[in-house]
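K.L.:
okay, structure incoming, though there's no sequence with it:
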């Protein structure tokens, strides 16, 4: 990762009143603010933290994956989330000591460098480092300890690190190549279930009505007209996953099965990372991050079963910190 | 279907020498030439036939599905295939008595009317009728008799007609909604198998080398860079299906399993149409059309098993006539 960045002397940020207890307690590091960015396939979350990683400002915006929304829109969303975080924190970008952005869709070196150059030009943040959104989530979820993070938002990926510092991943290749257990996967399974039921190939499901209503069509036979109509705004396929959650909560069996299969697929990805890192007999944390986990046990139970069958001492739960805080922590580490 | 088309008096075509045996045999209909077009997701095939449906000229061109390549390109491909067919037949478009185009991607009324208007303007063929590519394939495969056609090219669809003239279909909703057993399905399964093997989640496969070579990348980890790179020409995902055929012939077990699962999925689609048409105890023909069937028994055997388990008197084989001839026959029927 390039370290040849413009470095600026960080001016002392003066938001806290000098002399206040909070300010004095951290006076030794009052010139250190960290910017952490979590830029995913659907939303961007930026935080400004103090040197104890307490959030003093945050901002939210749209998708940051340049492969999904294009470079210009991704950079614009990141810039907006960062500006909002700075405004809430009452500091200027020039007060930030170091920054790290975890961005989806930059795994390939070409995409990494394109995004790095664009963000350097757009943000002018001193010492900005770029990592994948998965790396930032891993840092937040485990706070530096060995373990695994299972990410299932628009896309899915599992990454982990063992006691020797070795990292491994599975999945994360995007919807065409590998989307197992992601919001996109869930939404596409739902669309397939709806047209299959319409064909009489599989059981009726409440998803038909929910999806047709959301997309503004009268019947599943009209779905190709909205899914493939290049003149209209592209349908955000992955966003239909929330309707699967809704239908499952209403007791729809097809929706429940889709969410269960998503959990099972995520468990398979996790099992492969456990294998690669040799974590079978270790006690370690698995942090589950992303919108898919809002569905709760229907996803978590099959995931837990798949994981515990290969690593009985694993402990599955929420991340210790959200990915944006993970990015802020990486900002200090990588600076 | 609109019948309000400009009708022209068809001039007598004068290619055959008047007085020749062949000409005399059909002199009663010497003013009737038929144009049949099969416009699919990858290629367009146009034929000019005489009134006995003997091909006197044919032309080939690229994709005709407006949802895949855009309306202008689809119409241009169709126009070129028709022009080549006319040139080979030595006749003018104005000599054609009636014409029928079976076009992929026009199932929705909006797409149907857009394509109809564009073709009327581009071709100026008297009495041009439009049907789906599946309808033309059905006509060709069964030559008007009850039965089923299983189409698996870029996309997949099964349609059939019973002795009462009732039609039914399954599948055919495009790659996002329903692509079971299609070239797109096979290619995507192959891509998923390659990245999964790269992750260590599934067995190694010869497909990794074949696909990376075809796409010009060194490793599966570089695949996202070519699959999602919107600056370059989009990768024709479905065309990778021929590499699965190649790998299967070389004995690659992963490739064989993908083709077997495609056959099984096509069998499920067929079983659902058999169900809808009440053909369980009838003797009828199932015509298999499309590039996927070039793989032979590895696809046909699971398809046959699925079909015979619900309709033991079904007979599976090639179509009686190709879809373009089916379209030419529909031209007479619909005129």
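P.N.:
That came through, no problem. As the structure is a prediction and not an experimental result, all values here were calculated from the model.
K.L.:
check what contacts stretch A:294-306 and list those residues.
P.N.:
The contact list for stretch A:294-306 (Cβ atoms under 8 Å, 6 or more residues apart in numbering or on different chains) reads A:150, A:152, A:181, A:242, A:244-245, A:248, A:256, A:259-264, A:266-268, A:270-271, A:288, A:292-293, A:316. In short, each C-beta sits where N, CA and C put it, glycine included.
K.L.:
can you show me the helices along the stretch 101-250 of chain A?
P.N.:
All helices of the stretch 101-250 of chain A, identified by DSSP state H, counting those that start in this stretch, fall at A:109-123, A:133-142, A:183-198, A:207-215, A:223-227, A:241-249.
K.L.:
can you give me phi and psi for the spatially most central residue of chain A?
P.N.:
Closest residue to the average C-alpha location of chain A: residue A:40 at 4.8 Å, with Cα atoms, centre = their mean. Backbone dihedrals for residue A:40, given as degrees, to the nearest 10, come out at phi -110, psi -170.
K.L.:
for it, give its distance to chain B.
P.N.:
Separation of residue A:40 from chain B (Cβ to the nearest Cβ, to the nearest Å): 15 Å.
K.L.:
that residue is in contact with residue A:64, isn't it?
P.N.:
Yes - here residue A:40 lies in contact with residue A:64, judged by Cβ atoms under 8 Å, at a distance of 6.3 Å.
K.L.:
now do the shared contacts for the two.
P.N.:
Contact criterion Cβ under 8 Å, 6+ apart; residues shared by residue A:40 and residue A:64: A:104, A:133.
K.L.:
quick revisit: JSON lines for the helices of the stretch 101-250 of chain A, including mean pLDDT?
P.N.:
Compiled in JSON lines, the helices of the stretch 101-250 of chain A are given as follows (pLDDT from 0 to 100):
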{"stretch": "helix A:109-123", "mean pLDDT": "93"}
{"stretch": "helix A:133-142", "mean pLDDT": "94"}
{"stretch": "helix A:183-198", "mean pLDDT": "96"}
{"stretch": "helix A:207-215", "mean pLDDT": "97"}
{"stretch": "helix A:223-227", "mean pLDDT": "87"}
{"stretch": "helix A:241-249", "mean pLDDT": "97"}
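K.L.:
among those helices, which is the most enclosed?
P.N.:
Mean neighbour counts were taken over the helices of the stretch 101-250 of chain A using mean count of other Cβ atoms under 10 Å in any protein chain shown, and the top value, a mean of 28, falls to helix A:133-142.
K.L.:
ok now that one, how far from the chain's centre?
P.N.:
Centroid separation for helix A:133-142 versus its chain: 9 Å, with Cα atoms, centre = their mean, to the nearest Å.
K.L.:
what's that helix packed up against?
P.N.:
Judged by 3 or more Cβ pairs under 8 Å, 6 or more residues apart in numbering or on different chains; DSSP states H and E, helix A:133-142 is in contact with strand A:33-39, strand A:96-103, strand A:147-152, strand A:156-161, strand A:284-289, helix A:323-334.
K.L.:
turn the ones you listed into CSV, including mean neighbour count and mean pLDDT.
P.N.:
Shown next, in CSV, are the helices and strands packed on helix A:133-142 (neighbours: other Cβ atoms under 10 Å in any protein chain shown; pLDDT from 0 to 100):
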stretch, mean neighbour count, mean pLDDT
strand A:33-39, 30, 96
strand A:96-103, 27, 94
strand A:147-152, 30, 96
strand A:156-161, 27, 96
strand A:284-289, 23, 96
helix A:323-334, 26, 94
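K.L.:
near chain B, which residues of the stretch 51-200 of chain A? Just list them.
P.N.:
Applying Cβ under 8 Å from any Cβ of the partner chain, we find that the stretch 51-200 of chain A lies next to chain B at A:67, A:70, A:105, A:107-108, A:110-111, A:169-171, A:173-174, A:176-178, A:188, A:191-192, A:195-196, A:199-200.
K.L.:
which stretch of helix or strand covers the spatially closest residue to residue A:193 that is not a sequence neighbour?
P.N.:
Among residues not flanking residue A:193 along the chain, residue A:254 sits closest, at 5.2 Å (Cβ to Cβ, 6 or more residues apart in numbering or on different chains). Assigning secondary structure by DSSP states H and E places residue A:254 in helix A:253-277.
K.L.:
got the angle between that helix and strand A:147-152?
P.N.:
150 degrees (axes from the mean of the first three to the mean of the last three Cα atoms, to 10 degrees).
K.L.:
helix A:253-277 - what's its average pLDDT?
P.N.:
The pLDDT scores in helix A:253-277 average 97.
K.L.:
flag every buried residue along it.
P.N.:
Residues of helix A:253-277 classed as buried: A:254-277 (neighbour count, 16 or more other Cβ atoms under 10 Å in any protein chain shown).
K.L.:
just stretch A:60-80 next, same as before
P.N.:
Those would be A:61-69, A:71, A:74-80, for stretch A:60-80 by 16+ other Cβ under 10 Å.
K.L.:
show me what contacts the nearest residue to residue A:158 once chain neighbours are set aside?
P.N.:
Distances taken as Cβ to Cβ, 6+ apart place residue A:269 nearest to residue A:158, at 4.2 Å, with adjacent residues excluded. Going by Cβ under 8 Å, 6+ apart, residue A:269 touches A:150, A:156-158, A:170-171, A:180-181, B:199, B:201.
K.L.:
make CSV out of the residues you listed and add distance to residue A:330.
P.N.:
Below are the contacts of residue A:269 laid out as CSV (distance: Cβ to Cβ, whole Å):
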residue, distance to residue A:330
A:150, 19
A:156, 21
A:157, 17
A:158, 19
A:170, 21
A:171, 21
A:180, 26
A:181, 25
B:199, 24
B:201, 27
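K.L.:
for residue A:45, state which of those residues is nearest.
P.N.:
residue A:157 (17.3 Å; Cβ to Cβ).
K.L.:
residues of stretch A:292-308 that come out buried?
P.N.:
Quick answer for stretch A:292-308 (16+ other Cβ under 10 Å): A:292-293, A:295, A:298-300, A:302-304, A:306-307.
K.L.:
near chain B, which residues of the stretch 201-335 of chain A show up?
P.N.:
Near chain B, when you scan the stretch 201-335 of chain A using Cβ under 8 Å from any Cβ, you find A:201, A:221-225, A:227-230, A:237, A:268-269, A:272, A:275-276.
K.L.:
at 10 Å what do you get?
P.N.:
Counting by Cβ under 10 Å from any Cβ of the partner chain, the positions of the stretch 201-335 of chain A adjacent to chain B are A:201-202, A:217, A:220-231, A:235, A:237, A:268-269, A:271-273, A:275-276.
K.L.:
do you know which of the helices of the stretch 101-250 of chain A lies nearest residue A:163?
P.N.:
Closest approach to residue A:163 among those is made by helix A:133-142 (11.8 Å; Cβ to Cβ).
K.L.:
ok and that closest one relative to strand A:147-152, angle-wise?
P.N.:
Helix A:133-142 and strand A:147-152 are oriented at 120 degrees to each other (the same axes, to 10 degrees).
K.L.:
tilt between helix A:133-142 and helix A:323-334?
P.N.:
90 degrees.
K.L.:
doesn't residue A:59 fall inside a strand?
P.N.:
Yes - the assignment for residue A:59 by DSSP: H, G, I helix; E, B strand; the rest coil puts it in a strand.
K.L.:
with adjacent residues omitted, what lies nearest to it?
P.N.:
Distances taken as Cβ to Cβ, 6+ apart place residue A:84 nearest to residue A:59, at 2.8 Å, with adjacent residues excluded.
K.L.:
against which helices or strands is the host helix or strand of the one you found packed?
P.N.:
Residue A:84 is part of helix A:71-89 when elements are defined by DSSP H and E. Here helix A:71-89 touches strand A:33-39, strand A:44-49, strand A:55-61, helix A:66-69, strand A:96-103, helix A:109-123, going by 3 or more Cβ pairs under 10 Å, 6 or more residues apart in numbering or on different chains; DSSP states H and E.
K.L.:
so that helix versus helix A:323-334, what angle?
P.N.:
Angle, helix A:71-89 to helix A:323-334, by the same axes, to 10 degrees: 90 degrees.
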